[in-house]
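Engineer: Structure of the sequence below:
(one chain, ligands or ions: 1)
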Amino acid sequence: MRDGGQPVACIELDRFCEHCAYNLRTLPIYLDERTGIPIVRCTECGKFQSANDTATVFRPWLHRVTSLALGAWVIIIIAIFFWLGVAETAITFATLDVLTIRSGTQIQRVGGVTIRNVRGSGPLEVWNEMPGYGRFMAAILSASAGVAFLNALLMVVVMAHWRKVAYFATALGIPLAVAFAAAMIWRSEAPHLLGWSFTYILIHAGVNILGGIMGVMFGRPTARLAVRIFIPPTLRPRLAYLWIADGMTLPRH
Ligand SMILES: [Zn+2]
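Structural biologist: Residues are numbered from 1 along each chain as shown. From the prediction side, this is the model:
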């Protein structure tokens, strides 16, 4: 078979060259002159192969393993998003925890280090003279934004098939759910400081939303950069969807 004949169809799904792993999607399918078997020619390495996906005895097993792996993949993804949500809640709660102190607690400073000398047993109070307040807030809010960014980055990379509106809805929805959960937990800890806690819960929610929006906007460009830095060119076609999802094509190496 040479390229003389007319294409009968084209590859419409992500299929990878058996020789070089190049993505064969959109390439024309020809019928072999002698056997009539549909074949496709890889434009990357030039080799011919069957255009038929069920060509080998390994396929049924491959399908079974693929189904299992897909199931495991979904579970892992759900677990990762769950724990990132838990992390955001924990960061918000930790802020409230650090900024409050039990009444009766005696504070001592030894060589610039603050020690809670005697732990008070009274009700929680706002720790107004907490040393290093500014630095603590900067660190904890950075952590908050970072987790939200990571969460959104994973979302736009793993759920590349979602619409933009779904990304923004999630980037807004998760921080609101986190704020609600943190408020519920804090209410059982210190109901009398619930009103005070709203300021910090809302600041965290705002930072989470901001980090999430940044993740939605810059997540895939970041992932593409990481692919170009860390993934060798022959494996990149498998990640071509990171480009296709944004209407681009995988750059040639
Ligand atoms: Zn090839």
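
Engineer: okay, CA-based contacts and neighbour counts for the rest of this
Structural biologist: Fine.

Engineer: What sits closest to the residue positioned nearest the centre of the chain if chain neighbours are left out?
Structural biologist: Taking CA atoms, centre = their mean, the centroid of the chain lies closest to L154, which sits 1.0 Å from it. Nearest non-adjacent residue to L154, counting by CA to CA, 6 or more residues apart in numbering: G219, 7.5 Å away.

Engineer: what helices or strands is the strand or helix carrying the one you found leaning on?
Structural biologist: For G219, the host element (DSSP states H and E) is helix 194-230. In terms of contacts (3 or more CA pairs under 8 Å, 6 or more residues apart in numbering; DSSP states H and E), helix 194-230 is packed against helix 59-98, helix 133-158, helix 164-189, helix 241-244.

Engineer: Mind doing that once more with 7 Å?
Structural biologist: helix 59-98, helix 133-158, helix 164-189 (3 or more CA pairs under 7 Å, 6 or more residues apart in numbering; DSSP states H and E).

Engineer: May I see the buried residues of that helix?
Structural biologist: The neighbour-count check on helix 194-230 (16 or more other CA atoms under 10 Å) flags 194, 197-198, 200-202, 204-221, 223-224, 227 as buried.

Engineer: pLDDT on that helix, on average?
Structural biologist: Helix 194-230 shows a mean pLDDT of 97.

Engineer: Distance from the chain centre to it, please.
Structural biologist: Put simply, helix 194-230 sits 11 Å off its chain's centre (CA atoms, centre = their mean, to the nearest Å).

Engineer: ditto for stretch 67-82
Structural biologist: From the chain centre to the centre of stretch 67-82 is a distance of 13 Å (CA atoms, centre = their mean).

Engineer: same question for it, mean pLDDT?
Structural biologist: 93.

Engineer: May I see the buried residues of it?
Structural biologist: So stretch 67-82, judged by 16+ other CA under 10 Å, has buried residues F81.

Engineer: Ok, stretch 48-67 next?
Structural biologist: By neighbour count with 16+ other CA under 10 Å, stretch 48-67 contains the buried residues F48, Q49, S50, A51.

Engineer: Backbone dihedrals for whichever residue of the stretch 151-253 of the chain sits closest to the ion, both of them.
Structural biologist: Here the stretch 151-253 of the chain gets closest to the ion at one residue, T234, 9.3 Å apart by CA to the ion. When read as degrees, to the nearest 10, the backbone of T234 gives phi -70, psi -20.

Engineer: let's number from 33 now, not from 1
Structural biologist: Fine by me, first position is 33 from now on; the one you just mentioned is T266.

Engineer: how many other residues sit next to it?
Structural biologist: Using other CA atoms under 10 Å as the criterion, T266 is surrounded by 13 other residues.

Engineer: Same question for the one 4 residues further on.
Structural biologist: The local packing of R270 (other CA under 10 Å) involves 15 other residues.
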